[in-house]
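Asks: Sequence and computational prediction follow.
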Protein chains: 2
Amino acid sequence: MTTITRLDVRDIRFPTSRDLDGSDAMNAAPDYSATYVILDTDSDGGHQGHGLTFTIGRGNEVCVAAVRSLASRIVGLDLETITADMGRFWRDLTGGDSQLRWLGPEKGVIHLACAAIVNAVWDLWAKREGKPVWKLLADMTPEELVRCLDFRFVSDALTPGEVLSILRRNAAGKPDREAHVRDAGYPGYTTSAGWLGYSENKMRYLAREALESGWEHFKQKVGGDLEEDRRRAQILREEIGWQRSLMMDANQMWDVDEAVANMRSLAEFAPLWIEEPTSPDDILGHAEIRERLAPLTGVATGEHCHNRVMFKQLLQAGAIDYCQLDAARLGGLNEVIVVLLLAAKYGVPVCPHGGGVGLCEYTQHISLFDYIAVSGSLEGRLLEYVDHLHEHFVDPVRIERGRYRVPESPGYSITMHADSLERYRFPDGDAWQQ
Amino acid sequence: MTTITRLDVRDIRFPTSRDLDGSDAMNAAPDYSATYVILDTDSDGGHQGHGLTFTIGRGNEVCVAAVRSLASRIVGLDLETITADMGRFWRDLTGGDSQLRWLGPEKGVIHLACAAIVNAVWDLWAKREGKPVWKLLADMTPEELVRCLDFRFVSDALTPGEVLSILRRNAAGKPDREAHVRDAGYPGYTTSAGWLGYSENKMRYLAREALESGWEHFKQKVGGDLEEDRRRAQILREEIGWQRSLMMDANQMWDVDEAVANMRSLAEFAPLWIEEPTSPDDILGHAEIRERLAPLTGVATGEHCHNRVMFKQLLQAGAIDYCQLDAARLGGLNEVIVVLLLAAKYGVPVCPHGGGVGLCEYTQHISLFDYIAVSGSLEGRLLEYVDHLHEHFVDPVRIERGRYRVPESPGYSITMHADSLERYRFPDGDAWQQ
């Protein structure tokens, strides 16, 4: 047995707001941050589980406080007991303490904190099995996977029986798809040239650099001044041509009617999708935007969609063309898998949210598992890539010609270097002493 | 000018889990708690603003941490600057710091924390004006009220022009309604006999006691064992008869199909509404439940509905017959008013969530304002009453013959006695030393 003996949580922040990298219309000056969890165990191999939840700076201390409040619910448990009924563990962590549940339920700070812990358990489990997380998942039988899931509040849209059907349908093709993606990689897209606040010269330079590196899919931020958004789209189309994909991301800046009006104007630049056109809570608003904009552009959202109940409704309402789940906004991998399965049932491609710190490290596992075992398809799938802060990870993502290479090290790829954890500790690390 | 010079936040908890009062199917053993905010000012009168957000125990420390993280956004501001454009202040507090906004947006811990601060500002404003909050609001012109509101993300359903129309339509009748409610009080309902875990004898005794006190409307908790729920409904109907209202509250225990099946069984007892039949995030699920149960019973929800965008959709989707907004789950009174106006536009009565600690003190102001100035009606309106912890308030609610008496003291009625704040301070107050 492997007992979890201790939970250590750290407030890690990178002073990214000193540059303007990562700026968008809603998030003007983020300091990419992590509420970083380490689970110690009594295993002979000294195995640890690492997990993080992503925030953008101030308030990371509130997530740290929430993890501390949850710690007693996991310290002392055996990994084997957890993994024998992972769905039950997840339900117990996210809802088993009714007093803590009140703070959500299953949303905001308390759910972000759960995600860090849950993902650390998956990292620990995969390390114990000597496999990367995607492979741990892909090797499970349909029955083993179902035991990892909690169907509460989604049983009207997805049953265990339907999940078994989806997984069994895809089982035969798993080896071929695994071999294919190991060989070819998983297609990505880049926002490198598309952030707000970049000069025309910088945009053109970065777009050309990305093209030379082999990128085929590009995203730009919108949601500031419309004429400025149009000008930047024009620049990007001039650089990337009209055969490659251009996506747009408004980061929740618009109300419903504004979103429709602005995207009718920007449709001239043939965006593949408009991302976060309005409030992430507005399921019916997204459905209306999608209906009024079709067929000019698709609608995408999800990085602020806080749980499976919200994704269930986005899919039921026909509100989205692309599902952009977040690996740590949802309550960790168990809930992510439920959303992958919901999306597969409704035929909507999943293009997870990347960027920040550690999200690309997480999402490569999610998309690989989705391709190999759940959706069985790459059609319409693109995995976001942002070239920020990967140097702090022991096993960072590897990109070649605009595609993610398959990670092979055991775990969830989220372990940071010890010296990064020291240097960027807030507020006492060296990086914060200037 | 009245400058806010300091924000003090306290972790106040009442050990209510030692009894079984307040137990329901989801919340088995709550310790009713408050993240309690005091705004100090430099006014000659020594005016303070008091506000709280309600939690049920563990995790209150996380809300306290969130208030601390928000404090610098209000300390140093002048009350007059805030109230000159209260809508802008609200938008700035809830979304102006993009780093803190990431923790929600507008949901969970960070929004609960905003509520405590926002409500403290209203308490301060009303005390400065020498009026109870309901009267401060009822005396405003339509234009003054509109300036208190933020229409972001609801402009597709409610515009400033529509708000002006609603308020102007009701303006002439305000003095008559104010006089009427001062005379007759505002109708309430009680859950005193209906909590889970009470014996039959205790239920009968409490129901008879409530009838003798003049209560006409009763609520019971459901969501445990169905036969047990039926047995308790039978007892209540035997005691209160069939002319009085009986409501049922499932506290989110069911999935959609379960809710329909269980309520088809419980419909025999003619419940006025089923409250929180499923996940509070499930707008489409509530709509489906309502459609499938009509006309057997109405559907109510709202105490965990986290912002105006969610209420907008509940109303757009025709998902609810009763809107049970929470005074501190929403981001304070400004957002509450937006929801009152949305509900008025869609013709849905507002029956605010009461109970816990301080919620009844808040909601009397909300329902009085709704009646006098917004909906102009008492039809279908009932204000929840729970007889818990009122003794800790300086200006507690007063109930006569099952009706709320109108509060007349300046402020939002939420100021606690200094010795209660001392005794129930967690973890060092005397009440926690046993």
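Replies: Nice, I can see it.
Asks: if I read this right, A:Val348 contacts A:Gln324, doesn't it?
Replies: No - if you go by CB atoms under 8 Å, A:Val348 and A:Gln324 don't touch, sitting 10.5 Å apart. C-beta: built from backbone N, CA, C; applies to glycine.
Asks: Those two: who's more crowded?
Replies: Remark: of A:Val348 and A:Gln324, A:Gln324 carries more neighbours, 24 against 21, as counted by other CB atoms under 10 Å in any protein chain shown.
Asks: Can you report phi and psi for the more buried one?
Replies: phi -110, psi 60 (degrees, to the nearest 10).
Asks: and the residue nearest to it when sequence neighbours are not counted, how many residues sit next to it?
Replies: Closest residue in space to A:Gln324, ignoring its immediate chain neighbours: A:Gly302 at 3.4 Å, by CB to CB, 6 or more residues apart in numbering or on different chains. Applying other CB under 10 Å, we find 26 residues neighbouring A:Gly302.
Asks: do the same with A:Tyr186
Replies: 21.
Asks: Which pLDDT value belongs to the nearest residue to it once chain neighbours are set aside?
Replies: For A:Tyr186, ignoring the flanking residues on the chain, the nearest one in space by CB to CB, 6+ apart is A:Tyr404 at 4.4 Å. Listed pLDDT for A:Tyr404 reads 98.
Asks: my guess is A:Tyr404 contacts A:Leu383, does it?
Replies: Yes - look at A:Tyr404 against A:Leu383 with CB under 8 Å: they come within range, at 5.8 Å.
Asks: which residues touch A:Leu149?
Replies: Neighbour list for A:Leu149: A:Gly87, A:Trp90, A:Pro160, A:Val163, A:Asn334, A:Ile337, A:Val338, A:Leu341 [criterion: CB atoms under 8 Å, 6 or more residues apart in numbering or on different chains].
Asks: again, only using 7 Å
Replies: Going by CB atoms under 7 Å, 6 or more residues apart in numbering or on different chains, A:Leu149 touches A:Gly87, A:Asn334, A:Ile337, A:Val338.
Asks: so who does the second one touch?
Replies: Just to be clear, that refers to A:Asn334. Applying CB under 7 Å, 6+ apart, we find A:Asn334 in contact with A:Met86, A:Gly87, A:Trp90, A:Val118, A:Cys148, A:Leu149, A:Asp150.
Asks: With the third one instead?
Replies: For A:Ile337, the set of contacting residues under the criterion of CB under 7 Å, 6+ apart consists of A:Cys148, A:Leu149.
Asks: Isn't A:Asp42 up against A:Thr3?
Replies: Yes - between A:Asp42 and A:Thr3 there is a contact at 5.0 Å, judged by CB atoms under 7 Å.
Asks: Using the three-state scheme, assign the closest residue to A:Glu143 other than its chain neighbours.
Replies: Nearest non-adjacent residue to A:Glu143, counting by CB to CB, 6+ apart: A:Leu164, 7.2 Å away. Classification of A:Leu164 using DSSP: H, G, I helix; E, B strand; the rest coil returns helix.
Asks: Model confidence for A:Leu164, exactly?
Replies: pLDDT, A:Leu164: 98.
Asks: I'd like the distance between it and A:Arg403.
Replies: 31 Å (CB to CB, to the nearest Å).
Asks: Next: A:Lys127.
Replies: Separation of A:Lys127 from A:Arg403 (CB to CB): 26 Å.
Asks: Name the residue in those two with the higher neighbour count.
Replies: Remark: of A:Lys127 and A:Arg403, A:Lys127 carries more neighbours, 24 against 19, as counted by other CB under 10 Å.
Asks: So that one sits against A:Pro410, correct?
Replies: Yes - counting by CB under 7 Å, A:Lys127 touches A:Pro410, with 4.7 Å between them.
Asks: I'd like the secondary structure assignment at A:Lys135, please.
Replies: Under three-state DSSP, A:Lys135 comes out as helix.
Asks: Counting neighbours, what do you get for it?
Replies: 21.
Asks: looking at it, A:Leu77 is touching A:Ile4, isn't it?
Replies: Yes - assessed by CB under 7 Å, A:Leu77 is found in contact with A:Ile4 at 5.4 Å.
Asks: With neighbour numbers in mind, choose between those two.
Replies: Between A:Leu77 and A:Ile4, counting by other CB under 10 Å, A:Ile4 is the more crowded of the two (24 against 17).
Asks: Quick check: the gap between the spatially closest residue to A:Leu341 that is not a sequence neighbour and A:Arg91.
Replies: In space, and not counting its chain neighbours, A:Leu341 is closest to A:Val163: 5.4 Å by CB to CB, 6+ apart. Applying CB to CB, the value for A:Val163 to A:Arg91 is 16 Å.
Asks: Would you mind telling me which of the two has the busier surroundings?
Replies: Between A:Val163 and A:Arg91, counted using other CB under 10 Å, A:Val163 has the larger neighbour count: 23 against 17.
Asks: That one and A:Val146 touch, don't they?
Replies: Yes - the pair A:Val163 / A:Val146 is scored as a contact, 5.5 Å apart, by CB under 7 Å.
Asks: The residue in the stretch 51-200 of chain A that chain B sits nearest to: what's it in contact with?
Replies: In the stretch 51-200 of chain A, the residue that lies nearest chain B is A:Gly108 (1.7 Å; CB to the nearest CB). Residues in contact with A:Gly108 (CB under 7 Å, 6+ apart) are A:His306, B:Leu103, B:Gly104, B:Lys107, B:Gly108, B:Val109, B:Ile110.
Asks: what about the fourth one, neighbour count?
Replies: Close neighbours of B:Lys107, defined as other CB under 10 Å, add up to 26.
Asks: okay, how far is it across stretch A:270-290, tip to tip?
Replies: Stretch A:270-290 has an end-to-end distance of 15 Å (CA to CA, to the nearest Å).
Asks: just stretch A:28-38 next, same as before
Replies: 30 Å.
Asks: thinking again about what came up before, out of A:Tyr404 and A:Leu383, which sits in the busier spot?
Replies: Using other CB under 10 Å, the more surrounded residue of A:Tyr404 and A:Leu383 is A:Leu383, with 27 against 22.
Asks: Got the phi and psi for the more buried one?
Replies: Backbone torsions of A:Leu383, given as degrees, to the nearest 10, read phi -100, psi 120.
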